[in-house]
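Visitor: My questions are about this predicted structure, shown below with the sequence.
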Amino acid sequence: MATLEELKAKAVAMLDMAYVPYSHFPVGAALECEDGAVFTGCNIENSSFGLTICAERTALVKAVSEGHRDDWKRIAVVGNSADYCWPCGACRQVMLETEKRFKQPMRVLLYGKKGIYELKNVGELLPLSFDASAMK
Ligand code: THU
């Protein structure tokens, strides 16, 4: 298992991988799973702006595509902003899938110039959310 500092360092390293020719705002993420596997991500922009994928979702889709869909333990997120880089609504909804489907709470660790802001689960970020129960 990575230490908090190691996980943060992996997210920070992703700032250099970000493809951000339009916003010039790199974001890095590092998702750790129960078995210690870490999946990193950066934001990847596109000239068709709506096709941009955020750092968090890059990390999450990498994890799922490698067989890690129900064991997300914690995700570190870092941006180059004065405040914390609060995950966008789309990323919150995607992160919440693990708690709604697999009942696996995931800690969210936001790193900024003020230090660390830690959430015990994704539900705190997205109350009253849409989930599979609505489709029954
Ligand atoms: N961005 C992320 O990567 N994660 C977030 O949660 C917030 C926004 C990116 C998307 C875009 O490339 C840039 O930040 C500015 O919106």
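Guide: That came in fine, so what should we check first?
Visitor: what's the helix of greatest length in the chain in contact with?
Guide: In the chain, with assignment by DSSP state H, the single longest helix is helix 89-102. The contact list for helix 89-102 (Cβ atoms under 8 Å, 6 or more residues apart in numbering) reads 54, 56-57, 60, 69-72, 75, 87, 104-106, 108, 121-123, 125-126, 129-132. No exception for glycine: its C-beta is placed from N, CA and C like everyone else's.
Visitor: try stretch 114-127
Guide: Stretch 114-127 is contacted by residues 4, 8, 83-84, 86-87, 89, 92-93, 95-96, 98-99, 105-110, 129 when judged by Cβ under 8 Å, 6+ apart.
Visitor: List buried residues within those residues.
Guide: When those are checked for burial by 16 or more other Cβ atoms under 10 Å, the buried set is 8, 84, 86-87, 92-93, 95-96, 98-99, 105-106, 108-110.
Visitor: Once you drop chain neighbours, what's closest to the spatially most central residue of the chain?
Guide: Nearest to the mean C-alpha position of the chain, counting by Cα atoms, centre = their mean, stands residue 56 at 3.0 Å. Nearest residue to residue 56 in three dimensions, chain neighbours excluded: residue 91, at 4.1 Å (Cβ to Cβ, 6 or more residues apart in numbering).
Visitor: re earlier: what subset of the contacts of helix 89-102 is buried?
Guide: Among the contacts of helix 89-102, the ones that count as buried by 16+ other Cβ under 10 Å are 54, 56-57, 60, 69, 71-72, 75, 87, 104-106, 108, 121-123, 125-126.
Visitor: From the residues you listed, which land in helices?
Guide: Judged by DSSP H, these include 56-57, 60 as members of helices.
Visitor: Roughly how far does the nearest residue in space to residue 82 that is not next to it in sequence sit from residue 78?
Guide: Nearest in space to residue 82, with sequence neighbours left out and distances taken as Cβ to Cβ, 6+ apart, is residue 113 at 6.0 Å. Between residue 113 and residue 78 the distance is 10 Å, computed by Cβ to Cβ, to the nearest Å.
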